[in-house]
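I need the structure of the sequence given here:
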Amino acid sequence: MQNQIGLTILRVVPAAFMLFSHGLGKLQSYTEMKDSFPDPLGIGSHLSLLCTIGTEVGCAALIMLGLFSRLASLPLAFTMAIAAFVVHSADPFAKKEFALIYMVIFLAGYFMGPGRFSIDYIVRKKM
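Predicted coordinates for the structure are as follows:
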């Protein structure tokens, strides 16, 4: 039971911080950021911002609910890897640290799964 509570905390808390402090902040500043957002993949600032917001809001919300958790973890881990290794590649480690921590947490979530206190578990149990 303690492992299940731990998995839930490791799933919900980072996803909530990602959703509320990062994703919703970008969403609220969308008009100011759309033309100047970093474009590390060469798809344009506007599309890069939309993809980042979609990942940080949409995937984080799915992880918080425990719905398609493993699948939703991968875009978040990828986004954080791009932030750390591409966008902030020339920056000091302290600037990359949060992105790396989030990346590791979401990768661990992918491998460990959402745990018992999730919609994924309920659906899988009924099948």
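
What does the pLDDT read for residue 2?
According to the predicted model, the pLDDT of residue 2 comes to 89.

Can you report how many residues lie near it?
6 (other Cβ atoms under 10 Å). C-betas here are computed from N, CA, C, even on glycine.

Give me the phi and psi angles of it.
Reported as degrees, to the nearest 10, the phi and psi values for residue 2 are phi -60, psi -40.

any idea how far it lies from residue 9?
According to Cβ to Cβ, to the nearest Å, residue 2 stands 11 Å off from residue 9.

Also residue 18?
From residue 18 over to residue 9 the distance is 14 Å, taken as Cβ to Cβ.

neighbour count winner among these two?
When residue 18 and residue 9 are compared on other Cβ under 10 Å, the one with more neighbours turns out to be residue 18, at 25 against 12.

Secondary structure class of the closest residue in space to residue 34 that isn't next to it in sequence, three-state.
Leaving aside its sequence neighbours, residue 34 sits nearest to residue 46 (Cβ to Cβ, 6 or more residues apart in numbering; 4.9 Å). What DSSP: H, G, I helix; E, B strand; the rest coil gives for residue 46 is helix.

now do the one 4 residues further on
Using three-state DSSP as the criterion, the local structure at residue 50 reads helix.

How about the most centrally placed residue in the chain: what's its closest non-neighbour residue?
With distances taken as Cα atoms, centre = their mean, residue 76 lies nearest the centre of the chain, 3.3 Å away. The shortest distance from residue 76 to any non-neighbouring residue, by Cβ to Cβ, 6+ apart, is to residue 106 (4.4 Å).

what comes up buried for the strand or helix carrying the one you found?
For residue 106, the host element (DSSP states H and E) is helix 93-112. Within helix 93-112, the residues that qualify as buried by neighbour count (16 or more other Cβ atoms under 10 Å) are 96, 99, 100, 102, 103, 105, 106, 107, 109, 110, 112.
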